[in-house]
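Engineer: With the sequence up front, the predicted model follows.
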Amino acid sequence: MKLTEKMSYLKGLMDGLELDCSTKEGKILAQMSELLEEVVLYVDDLQSQVDELTELCDILDEDLGNIEEELYDEDDDDFGCGECGCFGDDDDEDFDEDDEYNFDEDDDELYEITCPTCGDTILLDEGMIDEGSINCPNCDELLEFDYENLTIEDFESSDSEDEE
């Protein structure tokens, strides 16, 4: 039963009771009935607006889906992987089934460093380290690299510290 039907039923009950509207209780019940009737009409109007907006959203969602299908067509090599458009199909062999990057032997070796200021972990290749410095992408702190005077023992001691 809809709210408007319930309100009509309630008004019928009140009329059937022949309430005396000259008493305090009768006046209160009559005012409450009028207020409730206005609330029901307002809620009914809101419900119809929500229904219209829901229908419009469904139409827009369908139209957007059609546009996405045309733009991100998985058969189209121009848009990359078909999901985000980041890489072409020729790069797909670099990714495993979980979309994680597979590092091949021909790839440059990557080094992981931690910014001393913000603690952000950054991956660098040899070319970036050879430049001598880089700004942290998180806090813009200048990070400098000088490994020319290091010996093999320095690397081994840092490896043993990492294992602990």
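Structural biologist: Yep, that arrived.
Engineer: tell me what the lengthiest helix in the chain is packed against?
Structural biologist: Determined from DSSP state H, the single longest helix within the chain is helix 24-71. Contact analysis of helix 24-71 by 3 or more Cβ pairs under 8 Å, 6 or more residues apart in numbering; DSSP states H and E lists helix 3-17 as its packing neighbours. C-beta coordinates here come from the backbone N, C-alpha and C atoms, glycine included.
Engineer: And this protein, split by domain according to the record?
Structural biologist: Following automatic domain parsing, the chain resolves into domains at 3-71, 74-104, 108-163.
Engineer: Can you list the low-confidence ranges for this protein?
Structural biologist: Counting by pLDDT under 70, the chain has low-confidence residues at 74-108, 147-164.
Engineer: one more time with 90
Structural biologist: Counting by pLDDT under 90, the chain has low-confidence residues at 1-2, 4, 14-15, 17-21, 70-164.
Engineer: what's the burial count for the closest residue to residue 136 other than its chain neighbours?
Structural biologist: In space, and not counting its chain neighbours, residue 136 is closest to residue 115: 4.4 Å by Cβ to Cβ, 6 or more residues apart in numbering. Per other Cβ atoms under 10 Å, the neighbour tally for residue 115 reads 18.
Engineer: No more questions from me, cheers.
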